[in-house]
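Participant: 3D, please:
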Amino acid sequence: QVQLVESGGGLVQAGGSLRLSCAASGRSVRNNAMGWFRQAPGKEREFVATINWSGDITYYADSVKGRFTISKDNAKNTVYLQMNSLKAEDTAVYYCALRSELVAHKGLDYDYWGQGTQVTVSS
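Facilitator: Below you'll find the predicted structure:
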């Protein structure tokens, strides 16, 4: 059984930073593409960042490019999202996802999802 558990969310002031973690079990992040997505109230879930199996290819949404960084630690079987220079519009529930492919992927068609962690940015 594959499980993804996000942590690290919280309340932060605009301009601040947070690091989200996604601990995987039942499947290795080493051999799969991983992604971060977010969903704000009343809005559809949207792509934030993705990383390929080897960790050397990443893609970001334009809205977070230059501020967010996705990475993974294969030894810990964990994926991270470092979020800097946070803005009020970054407020959302953030979800980690695993796709049973090697290449990074921006779409929503991932195979497994975490339960989400709330990020609230106060202006």
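
Participant: going forward, measure contacts between C-alpha atoms and count neighbours the same way
Facilitator: OK.

Participant: so which residue is smack in the middle of this protein?
Facilitator: The residue lying closest to the centre of the chain (C-alpha atoms, centre = their mean) is Trp36, at 2.5 Å.

Participant: ok, and the closest non-adjacent residue to it?
Facilitator: For Trp36, ignoring the flanking residues on the chain, the nearest one in space by C-alpha to C-alpha, 6 or more residues apart in numbering is Cys96 at 4.7 Å.

Participant: residue contacts, that neighbour?
Facilitator: By C-alpha atoms under 8 Å, 6 or more residues apart in numbering, the contact set of Cys96 is Leu4, Val5, Glu6, Cys22, Met34, Gly35, Trp36, Phe37, Trp113, Gly114, Gly116.

Participant: quick one: which of the residues you listed is most hemmed in?
Facilitator: Counting neighbours by other C-alpha atoms under 10 Å, Met34 leads the contacts of Cys96 with 34 neighbours.
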